[in-house]
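J.: give me coordinates for this.
(one chain, ligands or ions: 1)
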Amino acid sequence: MSRISQTSIGNFKVTALRDGELSLPGEVLLNLSDEQSQKIEADENSQLATSNVNAYLIQTESENLLVDSGCRDLFGPTCGFLNDALREAGLEPNDITDIFFTHLHPDHVAGAIDEGGSAVFKNASFKVIDLEYNFWTSDTFSDAEVNGNEWAGLARTALSAYKDKIETISFGKDIIPGVTSVNIPGHTPGHSGFRVDEGNETLIQMGDILHVPNLQLDNPSISTVFDVDPAAALKSRKEILDMVSTDRLLCTSGHMIQPKFGYIEKSGGSYRIAG
Ligand SMILES: [Zn+2]
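T.: Down below sits the predicted model:
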C-alpha cells in the first residue's frame, strides 16, 4: 500500500509521508466514556484508537523541506518507514535541503538520527521554534516516562547531530518562503503546525492537535497523557479546528489517518471530516 498522499498549493508540491501506524492503548487516553474504554480494551482491532505517524515533504523548484521525521524503530515494527515513503516520492535522504520539526517528541525526531545519533539527512539545515529548543535543552526534566529525561535526551541528541546547521525561529516566521510556522502551544511549549500559502490557496498542518482522530474529532475534550500543558493543548485544539472549519481551509495533521488532506466541518461541539 502506498505510503504517500500528495496535493499542491500553487507551485508547492506537498506530500504526506506515512511513517507508520499504531493503536494507542486506552491508558494514554484521557476523558474517554466508559463505553469507549471498554471497546478499546475488548477489541485490539477497534479503529477508535488508531493513529498514523506522518511526516511531510514540501517541494519547490529548489527546496525539499521535510517536516518531522517519524519514529525510526522506537515504536515497534509497524512504524519507521519514512525513508521508504521518501523514496516512493522520488527522493533519497541526501536530497532533503531543509528540516523543520513541529515539536521534539520521539515520534517526530527519532527518524532524523540513526541509532548511533548521527544525522540521517546530511545535507539539510534545520529550523526549530525557539521556545521548543529552549524547553528541551533546559535542565528541568524528571525520570517520568512521558516528557521526562529520556525524551529530552533524544531531542538533545537530534539537536546535536545538526548543531552546525540549526536556526531557531520565532512563531510566525517563514520556514522557507511561503511556508510559515503556526503557533498551537500546549502539546509542548513550542508546538507548531505549518501553513503553505500561495495566491488564494492555503494548507494548514495542525501539528499534533489530534492523536486519535476517530475519537477526538467527535469529542475534542478527549486528550492524551503526552501534553505538557493539557489545558493549553485543549484550547489550541478547539481554536485551530474552529479556524479551519469556519474558514474552510484544506488541512492535515501529524497523526491524521485518511484522507490525509481534507476539510473539517463543525457541528455543535463536534467536528468531522467533510465528506
Ligand atoms: Zn506525535
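J.: list the buried residues of the helix or strand encompassing Ala232.
T.: Element membership for Ala232 (DSSP states H and E) is helix 230-246. Going by neighbour count (16 or more other C-beta atoms under 10 Å), the buried part of helix 230-246 is Pro230, Ala232, Ala233, Leu234, Ser236, Arg237, Lys238, Ile240, Leu241, Val244, Ser245. C-betas here are computed from N, CA, C, even on glycine.
J.: cool, and stretch 182-190?
T.: Quick answer for stretch 182-190 (16+ other C-beta under 10 Å): Val182, Asn183, Ile184, Pro185, Gly186, His187, Thr188, Pro189, Gly190.
J.: and what of stretch 266-275?
T.: Tyr271.
J.: that stretch: end-to-end distance?
T.: 12 Å (C-alpha to C-alpha, to the nearest Å).
J.: state the mean pLDDT of that stretch.
T.: The average of the pLDDT scores along stretch 266-275 is 93.
J.: what does it contact?
T.: 213, 217-220, 241-242, 245-246, 259, 262-265 (C-beta atoms under 8 Å, 6 or more residues apart in numbering).
J.: hey, where'd the strands end up in the stretch 151-275 of the chain?
T.: 166-169, 174-176, 179-183, 192-198, 201-205, 223-224, 250-252, 264-267, 270-273 (DSSP state E, counting those that start in this stretch).
J.: touching the helix or strand bottoming out on mean pLDDT in the chain from outside, list them.
T.: Least confident helix or strand of the chain, by mean pLDDT, DSSP states H and E, is helix 34-42 with a mean of 92. With contacts defined as C-beta under 8 Å, 6+ apart, helix 34-42 is touched by Pro25, Gly26, Leu29, Leu32, Ser46, Leu48, Ala49, Leu215.
J.: residue contacts, the residue in the stretch 151-275 of the chain that the ion sits nearest to?
T.: Going by C-beta to the ion, the ion is nearest to Asp208 of the stretch 151-275 of the chain, at 4.3 Å. Asp208 makes contact with Thr102, His103, His105, His108, His187, His191, Phe226, Ser253, Gly254, His255, according to C-beta under 8 Å, 6+ apart.
J.: tell me how far stretch 32-43 lies from the chain's centre.
T.: Relative to its chain's centre, stretch 32-43 lies at 26 Å (C-alpha atoms, centre = their mean, to the nearest Å).
J.: what does stretch 144-156 give?
T.: Per C-alpha atoms, centre = their mean, the centroid offset for stretch 144-156 relative to its chain is 17 Å.
J.: name the residues that touch that stretch?
T.: Outside stretch 144-156, the residues touching it (C-beta under 8 Å, 6+ apart) are 104-106, 109-110, 136-137, 141-143, 188, 225-226, 228.
J.: re the thing from before, how about the buried residues of helix 230-246 in JSON lines, adding distance to the ion?
T.: Below are the buried residues of helix 230-246 laid out as JSON lines (distance: C-beta to the ion, whole Å):
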{"residue": "Pro230", "distance to the ion": "15"}
{"residue": "Ala232", "distance to the ion": "16"}
{"residue": "Ala233", "distance to the ion": "12"}
{"residue": "Leu234", "distance to the ion": "16"}
{"residue": "Ser236", "distance to the ion": "14"}
{"residue": "Arg237", "distance to the ion": "14"}
{"residue": "Lys238", "distance to the ion": "19"}
{"residue": "Ile240", "distance to the ion": "15"}
{"residue": "Leu241", "distance to the ion": "17"}
{"residue": "Val244", "distance to the ion": "19"}
{"residue": "Ser245", "distance to the ion": "22"}
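J.: ok, these vs Asp174, which is closest?
T.: Ile240 (19.4 Å; C-beta to C-beta).
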